[in-house]
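> how would this look folded up:
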Amino acid sequence: MTYASKVLDLAHQVAESQAEPVKQAAGLIVASIRAGGVVNAFGSGHSEAIAMEIAGRAGGLVPSNRLTPRDLVLYGGRPPSVLTPELERDPAIAHEIYGLAPVAPQDVFVLISSSGVNGTVVELATIVKDRGHPLIALTSVRHSSRMTSRHPSGGKLLDLADVVLDNGAPYGDAILDLPGGGSYGAVSTITSALLAQMVVTEAVDELVAMGETPPIYLSANVTGGDEHNRALESRYAGRIRRGS
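Predicted coordinates for the structure are as follows:
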């Protein structure tokens, strides 16, 4: 099978198997938004791409924030040299990331990590639950189940979440076998983006069914997009941030 064939097969499997968790996740987001909350999406490394699918994107929800380790520099005054590849394994920075964000009690969190074992994401999940926020985890159950936690508690992201969305990625992420061993062709970003969009669109469908007008971004590259988006963003002044 080609890479495309395998990815399409997996995408179909994920869409079908995760339909119920998607509904549950969307329900948490709808409840938060109707209470004046914001969706806070966190991801580091490649998982940041999935947070970008959820926060500040055309066709997506305006009440949303993207949290990343880069926040330490953008909002916390840390030097750029702090942004090492190993930073995501440090539980301590989770407290800074949470503290720098404009979080309100009614906010919901979506934490994205295919492995779900690094110190920052597990500590952030712990903080989120300790503060009483609903927590949605987007992870690979197969990969995470074979990993040892890098958090001092021994916990994993999927242990802490109210809803777990499984991106279906295999251990190691790649889906094509190399002759003589090894694999290539990563898939988790594709299936995770699918799940992120499934959750957002399900939430929007639920809001529409309730007779509400969902706060949705237009593309900034269509006529009137900037004006539409600025008007909606003004409703959430001080609650959302749009940076690099």
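
> tell me the mean pLDDT over stretch 8-23?
Per-residue pLDDT over stretch 8-23 has a mean of 98.

> what are the contacting residues of it?
Residues from elsewhere that reach stretch 8-23 (C-beta atoms under 8 Å, 6 or more residues apart in numbering): 1, 163-169, 175, 187, 190-191, 194-195, 198-199, 202. To be clear about C-beta, it is placed using only N, CA and C from the backbone, and glycine gets the same treatment.

> where along the protein do the helices fall?
Per DSSP state H, the chain carries helices over the ranges 3-17, 19-34, 48-54, 71-74, 92-100, 119-130, 141-145, 157-160, 188-209, 225-235.

> just send those helices back as a markdown table, with mean neighbour count and distance to residue 80 too.
Formatted as a markdown table, the helices of the chain follow (neighbours: other C-beta atoms under 10 Å; distance: least, C-beta to C-beta, whole Å):
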| stretch | mean neighbour count | distance to residue 80 |
| --- | --- | --- |
| helix 3-17 | 14 | 35 |
| helix 19-34 | 19 | 33 |
| helix 48-54 | 22 | 16 |
| helix 71-74 | 18 | 5 |
| helix 92-100 | 17 | 14 |
| helix 119-130 | 22 | 17 |
| helix 141-145 | 18 | 30 |
| helix 157-160 | 22 | 27 |
| helix 188-209 | 21 | 25 |
| helix 225-235 | 14 | 27 |
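
> any idea how far residue 38 lies from residue 64?
Computed as C-beta to C-beta, to the nearest Å, the residue 38 to residue 64 distance reads 6 Å.

> next one: residue 207
14 Å.

> check residue 34 too.
Distance from residue 34 to residue 64, by C-beta to C-beta: 15 Å.

> pLDDT weak spots in this protein?
The chain contains residues with pLDDT under 70 at 243-244.

> mutual contacts of residue 38 and residue 64, please.
residue 240.

> quick one, phi/psi of the residue located most distally from the centre of the chain?
Centroid-distance maximum for the chain: residue 180 at 35.3 Å, with C-alpha atoms, centre = their mean. Here is the backbone geometry of residue 180 (degrees, to the nearest 10): phi 90, psi 0.

> now do the contacts for it.
Neighbouring residues of residue 180 by C-beta under 8 Å, 6+ apart: there are none.

> residue contacts, residue 122?
For residue 122, the contact set (C-beta under 8 Å, 6+ apart) comprises 91, 116, 149, 150, 151, 153, 155, 156, 157, 160.

> buried ones among the residues you listed?
Listed as buried from the contacts of residue 122 are 91, 116, 149, 150, 151, 155, 156, 157, 160; burial here means 16 or more other C-beta atoms under 10 Å.

> out of the residues you listed, which sit inside strands?
Counting by DSSP state E, no part of the buried ones among the contacts of residue 122 is found in strands.

> now do the contacts for residue 130.
Residue 130 sits next to no residue when contact means C-beta under 8 Å, 6+ apart.

> change it to 10 Å
residue 160 (C-beta atoms under 10 Å, 6 or more residues apart in numbering).
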